[in-house]
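# How does the following fold in three dimensions:
(2 chains)
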2 protein chains.
Amino acid sequence: MSSHEPVVVVVDAETPGNVGTIARAMKNFGLSDLKLVDPPPLEPDGEAYGFAGHAREDVLPNAEEITFEEVVSTYHTVGCTAITGEDSRRHRRFPYTTPAELADSLGSVEAKTAIVFGREGRGLYNEEIEQLDQICSIPASDDYSVLNLGQAATIVLYELRELTVEETQLPDRDHERAEEADIERFYDYFAEFLDAQRYNERKREKTQRLMRRLIGRAHPTGREIHTLFGVLRQATDQLDHRRELLERYDEPDPFGDDSEDGSDKTEGDPET
Amino acid sequence: MSSHEPVVVVVDAETPGNVGTIARAMKNFGLSDLKLVDPPPLEPDGEAYGFAGHAREDVLPNAEEITFEEVVSTYHTVGCTAITGEDSRRHRRFPYTTPAELADSLGSVEAKTAIVFGREGRGLYNEEIEQLDQICSIPASDDYSVLNLGQAATIVLYELRELTVEETQLPDRDHERAEEADIERFYDYFAEFLDAQRYNERKREKTQRLMRRLIGRAHPTGREIHTLFGVLRQATDQLDHRRELLERYDEPDPFGDDSEDGSDKTEGDPET
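The predicted model follows:
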């Protein structure tokens, strides 16, 4: 893990708030090592600390100043920019990797890596970009592809999370999908439920298939499927009871076998 | 495209800057329809417009107020929250989808969908969450999983980009990878280059394999591979020329076939 953890470098940021935003995203996605080239003043009661959330306790106060030259000579460097070259004639900014591809490629090597973000507005200058080893660019709308510095860094660090976050806050869902046997049992109950209402025979298989597709896509939890058991069994029991009552009191059944299209309806038959 | 374009709903935001940040992310990732439940005042010279970038021209001024009840009754709703249930006993916030899964699942249906973000600090309340159809949660560090509202929205909208961005700013790279035939030609030139320096026969195949792996991983552009052609051919020509000179002047060659392990080295050659 830690051997893959990149450092984050912010070059010549103008707005303390963006430095705080980046520090917060670092902490959210399991990074800790922030380096600043020519930073703005970061006052403890200023915007950087205001935007940093809990990163005000560690990432931000531990940030170190560094020169651009030190970054280049110390790390495998990845420069983040919204502006790529159009093709390989503009090799300074081409080819690029996307943040998702960057995560994949960094995951397969052990290198001291620095993710480098440029100043607001103008980003990294060409003279800086050409000293960096790789270019990373976030796919965005052609209409408006320039992200705010803090938002761009948030996305890149989010994509790197599989390298840097050992454990997320999200509970494991694999154990939470219902047992396959329970899901199958649900289909049996559903069949009994259709029986109990003398569901149209010709539509029956199709209806069962549709239910299987619907539930299959939804990946029900054990709790959900057991809740459905309860609903279906109670409905089935009450439908059966209705039929007992019809019989006991010799009542006609207003809902025949083919009640849906009406054509086969036989009136006044108490047995169906 | 547009049939899949979700609306973005922000419930009870306190900070105008976050509304501006969300509007900017929307424009960066091809969304346009912003709805606000109980918003803070959004002054044209205030922070919302200050953070919105070019979205100050359209997304932000076109944002409409809406009630939470209208959102629930009009849309398929996805509530974004950092805090999920631990398992299906907490079904109010479980199961969750990640933003990447959400993009996949929304891509396969046509539904009027609203992505709903809650207030800073406390997020969406339980009473709100339980009226929404799906839960979306960003995987983050277990140490600190609560993202800033604007940053969380940026990540979710980034993940939805494949549904919403028709064309990104990034040039197509597929056409920019060198032709396979040119890459193969490079390996031939590299073999000639090894020939020209009488490269150690025993190491030769391994060296060629290593080069093939290295170039293979790097997916060179046409321009890169042609640049390498130039470098290799010039070196090869000059190496051949050196051998002509050795022959012409009957000079001994200080670099024997096995020069790398030094065993054949002859000292005192002024020509090299």
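# any weak-confidence spans in the stretch 51-200 of chain A?
The model of the stretch 51-200 of chain A has pLDDT under 70 over residues A:86-91, A:174-175.
# Please, where are all the helices along it?
A:68-74, A:99-107, A:126-129, A:149-159, A:161-164, A:180-196 (DSSP state H, counting those that start in this stretch).
# how about these, which one is nearest residue B:61?
Nearest to residue B:61, of all these, is helix A:149-159, at 20.3 Å by Cβ to Cβ. For the C-beta atoms, the positions are set from N, CA and C on the backbone; glycine is no exception.
# returning to that earlier point: make CSV out of the helices of the stretch 51-200 of chain A and add mean neighbour count and distance to chain B.
Formatted as CSV, the helices of the stretch 51-200 of chain A follow (neighbours: other Cβ atoms under 10 Å in any protein chain shown; distance: least, Cβ to the nearest Cβ, whole Å):
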stretch, mean neighbour count, distance to chain B
helix A:68-74, 14, 20
helix A:99-107, 18, 9
helix A:126-129, 15, 16
helix A:149-159, 26, 5
helix A:161-164, 18, 6
helix A:180-196, 15, 12
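# How about residue A:125: what's its closest non-neighbour residue?
Distances taken as Cβ to Cβ, 6 or more residues apart in numbering or on different chains place residue A:118 nearest to residue A:125, at 7.4 Å, with adjacent residues excluded.
# and the helix ranked longest in chain A with chain B, contact?
Looking across chain A with DSSP state H, the single longest helix is helix A:222-248. Yes. Counting by Cβ under 8 Å from any Cβ of the partner chain, chain B is contacted by helix A:222-248 at A:222, A:223, A:224.
# Which neighbouring elements make contact with that helix?
helix A:180-196 (3 or more Cβ pairs under 8 Å, 6 or more residues apart in numbering or on different chains; DSSP states H and E).
# Can you get me the centre-to-centre distance for the helix it packs on and its chain?
32 Å (Cα atoms, centre = their mean, to the nearest Å).
# what comes up buried for whichever helix or strand comes after that helix?
Next helix or strand after helix A:180-196 toward the C-terminus (DSSP states H and E): helix A:201-218. Using 16 or more other Cβ atoms under 10 Å in any protein chain shown as the test for burial, helix A:201-218 gives A:211, A:215.
# mind listing the strands for the stretch 1-150 of chain A?
A:7-11, A:34-37, A:64-65, A:76-80, A:113-117, A:134-136 (DSSP state E, counting those that start in this stretch).
# Need the winner for burial among those.
Counting by mean count of other Cβ atoms under 10 Å in any protein chain shown, strand A:113-117 has the highest mean neighbour count of the strands of the stretch 1-150 of chain A, with a mean of 25.
# which residue sits closest to residue A:105 in space, ignoring its chain neighbours?
Residue A:105's closest residue in space is residue A:97 (Cβ to Cβ, 6+ apart), at 6.6 Å.
# what sits against that neighbour?
A:78, A:105, A:134, A:135, A:136, A:137 (Cβ atoms under 8 Å, 6 or more residues apart in numbering or on different chains).
# tilt between the longest helix of chain A and helix A:180-196?
20 degrees (axes from the mean of the first three to the mean of the last three Cα atoms, to 10 degrees).
# so helix A:222-248 versus helix A:201-218, what angle?
Using the same axes, to 10 degrees, helix A:222-248 lies at 160 degrees relative to helix A:201-218.
# picking that back up, distance of the residue nearest to residue A:125 from chain B?
16 Å (Cβ to the nearest Cβ, to the nearest Å).
# related to what we said a few turns ago, on the strand side of things, show who the residue nearest to residue A:105 bridges to.
Legend: beta-bridge partners of residue A:97 under DSSP bridges are residue A:136.
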